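Peer 1: Prediction below, plus the sequence it came from.
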Amino acid sequence: MFCIFLSTQLADLRQAKIDETTLDEKLATLKSVEQSSLSGTDVSVKALPVENPAMFAISQVKDSAVLATSTVSAVKLKNETNNTISKDLSFASLETTVIASDADSVVKVMQGIINAAPVTTIDEVKIEKKLDAMSANIKLGLYWAALPAEVSAVDEPINDLTADEKGLLDKLSKLKQPIYTTLVPQETTDRPNPFN
Amino acid sequence: MAGGINLLPQDIKPKVSILKLSKKLKRFILFGFMFFVFLASTVVGTLFILSNNLKRSIARQVAAKTEIKNLEATEQKLFLIRDRLDKIKQITAVKTAQDQINILEDALNQTKAIDGVDFSGAELQQTVAKVSINAGSSIALSNFLYNLYGNEDYKRINLLALKYNVDLGYTVTLSIVE
């Protein structure tokens, strides 16, 4: 009887010590998390947005084309359902035609797209010489994903970002961010005649 | 004098062996009882210490959980960043046409380095880059191919098409795999 009670107490204490260690480690991790890492929240969400980033991607393609003295002559967006990477990721394809004076400009446009947020993939490229210009048909992959529905349980261990993850975050922070325009609301004015 | 006379009949006097056994039993019971008291107190003491330790551990867990709750925002941010990074890693791990851009750049540099060779088009796919050029002469074409074949990064270069036109010269399409 005593032995059973004693072994139960010992098992409980052992489990309690394990839980305590896990919680202490988690607390220490949370206290030691670098604030610079946390500032990466915005960067990571801009790199992989919550909703279809087509408008931002189109804007980035146009900006890259302007910087490479090229023009975007056509843009076609197609929502795809057969994303092969992961079921957690939503996918759409954006087909764009860029007219440039030479192939180097086309390369510059593609590099501009690669170095811009949101993260896109260049899935297919077809460059043709048309008269004195280069016409490039670039097919881009756009990705977005919903935010995680729930965080881990309180007693679940958590680790700080690894060096690899910090490196990726640093790379993402260097991507050219899309320009967000904030519309200023008009001031309300009196309307003496409401029927006018 | 009084202690020296035993008035009891000798036949009811216990045997010496039984007396010895009774003495031993008494001693055994005494020691057994002492041992039991010692054991019981040890067990109770141990249980008391264990129970106290458990209570203290639970109290520390509650305190840690409260502190973790206070740092909930940090945890949520960390969780969100890791979620985004994991998904971005999945995207960037897939080989795409953008991995072939350096082949295109190399081919473009070769066309610039050799007189009489012009870039005429390209097709970049997931694992292969197809590059088309126009060469005004066979010497220009061979120089271009020589330079291209000299690049040790390329695993395979296939000649997909070779056309000759008196006005344009040679039109060559190559597929290059890095």
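Peer 2: The structure has been received and is ready for your questions. In this text the structure is predicted, and so the values were computed from the model without any measurement.
Peer 1: Please enumerate the strands of the chain.
Peer 2: In the absence of a named chain, chain A is used. Under the criterion DSSP state E, chain A contains strands at A:71-80, A:90-100, A:120-130, A:133-144.
Peer 1: right idea, wrong chain: chain B
Peer 2: Counting by DSSP E, the strands of chain B are B:117-124, B:129-135, B:156-165, B:169-177.
Peer 1: gap between the two ends of stretch B:142-156?
Peer 2: As for stretch B:142-156, its first-to-last residue distance stands at 17 Å under the measure Cα to Cα, to the nearest Å.
Peer 1: Let me see the mean pLDDT of that stretch.
Peer 2: Rounded to a whole number, the mean pLDDT of stretch B:142-156 is 90.
Peer 1: Point out the most buried one among the strands of chain A.
Peer 2: Comparing the strands of chain A by mean neighbour count (mean count of other Cβ atoms under 10 Å in any protein chain shown), strand A:133-144 comes out on top with a mean of 22. Yep, even glycine has a C-beta here, placed from its N, CA and C like the rest.
Peer 1: counting contacts, what elements does that one pack onto?
Peer 2: Packed against strand A:133-144, as judged by 3 or more Cβ pairs under 8 Å, 6 or more residues apart in numbering or on different chains; DSSP states H and E, are the following elements: helix A:54-67, strand A:90-100, helix A:103-114, strand A:120-130, helix B:72-93.
Peer 1: May I have the last one exported as CSV, CA atoms only?
Peer 2: To tie it back to what came earlier, the one meant is helix B:72-93. This file holds the C-alpha atoms of helix B:72-93, laid out as CSV (Å, rounded to 0.1, in the frame of the first residue of the first chain):
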residue,chain,number,x,y,z
GLU,B,72,2.2,35.9,-25.1
ALA,B,73,2.7,38.6,-27.7
THR,B,74,6.3,37.6,-28.1
GLU,B,75,5.3,33.9,-28.4
GLN,B,76,2.7,34.7,-31.0
LYS,B,77,5.1,36.7,-33.0
LEU,B,78,7.7,34.0,-32.9
PHE,B,79,5.2,31.4,-33.8
LEU,B,80,3.9,33.5,-36.7
ILE,B,81,7.4,34.2,-38.0
ARG,B,82,8.3,30.5,-37.9
ASP,B,83,5.1,29.6,-39.7
ARG,B,84,5.8,32.1,-42.5
LEU,B,85,9.5,31.1,-42.7
ASP,B,86,8.6,27.4,-42.9
LYS,B,87,6.2,28.0,-45.8
ILE,B,88,8.7,30.4,-47.6
LYS,B,89,11.3,27.6,-47.3
GLN,B,90,8.9,25.2,-49.0
ILE,B,91,8.4,27.7,-51.9
THR,B,92,12.1,28.5,-52.4
ALA,B,93,13.2,24.8,-52.1
